[in-house]
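Enquirer: I need the structure of the sequence given here:
(one chain, ligands or ions: 1)
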Amino acid sequence: MSQSPKRGKFITFEGLDGCGKSTQLEKLASVLRAEGIDVLTTREPGGTEIGERIRAVLLDSRTNGLDPMAEMALMFASRAQQLAQVIVPALEEGRWVLCDRFTDSTEAYQGGGRQLGSDAVLQLHQVLCRGLWPDLTILMDSDVEHSVKRARRRNQAASDGAQPDENRFEQESTAFFTRVQQAFRTIAQREPQRVTMVNARRPAEQGLASSGHPPACFVRFPLRALDLACASA
Ligand code: TYD
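Expert: Numbers count the residues shown, from 1 in each chain. Modelled structure (predicted):
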């Protein structure tokens, strides 16, 4: 009789635009792969063909007049597709999934930034994502001004070349991103067993400083890997 493999781990990275989470995600993935773990990396919005089309609508600065509720619905549409098509099947096969953003981003950006509130986000998550939460979320806490400047520079450079325009959120105000940052911190305080906040301001060679108590059961290993990934930056 064939044995079903052990379910994989689901790890998400969160933080402000330009905080460096995508780089850390890739570094963690390579450290885990070197340890023999089968890792899948993906991102939100996006991660599927349909999701990437939704991403283009959401992030293109030429998308005008998108209602905040419609914006939130599109974030969840992309996520529901990616859960069904990519994330749940991979976890069931025993693979580890590292995802750049997940529902915490919707709570921070649409719930906090757009002021739609957390309740709407959490209710939609319950229905559309069937309440599936990551085993671990690494929240990279960074300075608003510095991160947003970095994201603007990067996206501007990308869209000057042949890359798609992904500047819509970067045009938001400092007040918007300050609300996003506050919402992320509130989530970390509310769910310390899942969310570990790390200081993303430290130079890479010092590693990421964890300011929370990592969930004891399995996080010790990825966090060690994260430090290793930083050290080898
Ligand atoms: P991302 O590609 O991670 O941007 P960056 O690399 O600049 O951090 O995310 C795209 C943008 O989408 C980012 O500005 C945050 C926003 N976003 C939301 O507003 N809500 C969401 O639910 C998600 C997943 C992303």
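
Enquirer: for V148, what are its contacts?
Expert: Residues in contact with V148, defined by CB atoms under 8 Å, 6 or more residues apart in numbering, are L16, D17, G18, E170, T174, F177. From N, CA and C alone the C-beta is placed, and that goes for glycine too.

Enquirer: got the CA positions of the helix or strand harbouring it in PDB?
Expert: Taking DSSP states H and E as the criterion, V148 maps to helix 144-160. C-alpha atoms of helix 144-160 as PDB (Å, rounded to 0.1, in the frame of the first residue of the first chain):
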ATOM      1  CA  VAL A 144       8.300  53.100   5.800                       C
ATOM      2  CA  GLU A 145      10.200  55.800   3.900                       C
ATOM      3  CA  HIS A 146      13.200  53.700   3.200                       C
ATOM      4  CA  SER A 147      11.300  50.700   2.000                       C
ATOM      5  CA  VAL A 148       8.800  52.600  -0.200                       C
ATOM      6  CA  LYS A 149      11.600  54.600  -1.800                       C
ATOM      7  CA  ARG A 150      13.500  51.400  -2.600                       C
ATOM      8  CA  ALA A 151      10.300  49.800  -4.100                       C
ATOM      9  CA  ARG A 152       9.600  52.900  -6.200                       C
ATOM     10  CA  ARG A 153      13.200  53.000  -7.600                       C
ATOM     11  CA  ARG A 154      13.100  49.200  -8.400                       C
ATOM     12  CA  ASN A 155       9.600  49.300 -10.100                       C
ATOM     13  CA  GLN A 156      10.400  52.400 -12.000                       C
ATOM     14  CA  ALA A 157      13.600  50.900 -13.400                       C
ATOM     15  CA  ALA A 158      11.800  47.700 -14.200                       C
ATOM     16  CA  SER A 159       9.000  49.400 -16.100                       C
ATOM     17  CA  ASP A 160      11.500  51.600 -18.000                       C
END
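
Enquirer: all numbers from here: first residue = 533
Expert: Taking 533 as the first residue, the last one we looked at is helix 676-692.

Enquirer: Could you pull up the mean pLDDT of the following helix or strand past it?
Expert: Using DSSP H and E, the helix or strand that follows helix 676-692 towards the C-terminus is helix 706-722. Helix 706-722 shows a mean pLDDT of 97.

Enquirer: Of all the residues in helix 706-722, which ones are buried?
Expert: Buried residues in helix 706-722, counted by 16 or more other CB atoms under 10 Å: F708, F709, R711, V712, Q713, A715, F716, R717, I719, A720.

Enquirer: same deal with stretch 659-675?
Expert: Neighbour counts over stretch 659-675 (16+ other CB under 10 Å) mark 660-661, 665-675 as buried.

Enquirer: Just checking, which helix or strand of this structure averages the lowest pLDDT?
Expert: strand 741-742 (a mean of 49; mean pLDDT, DSSP states H and E).
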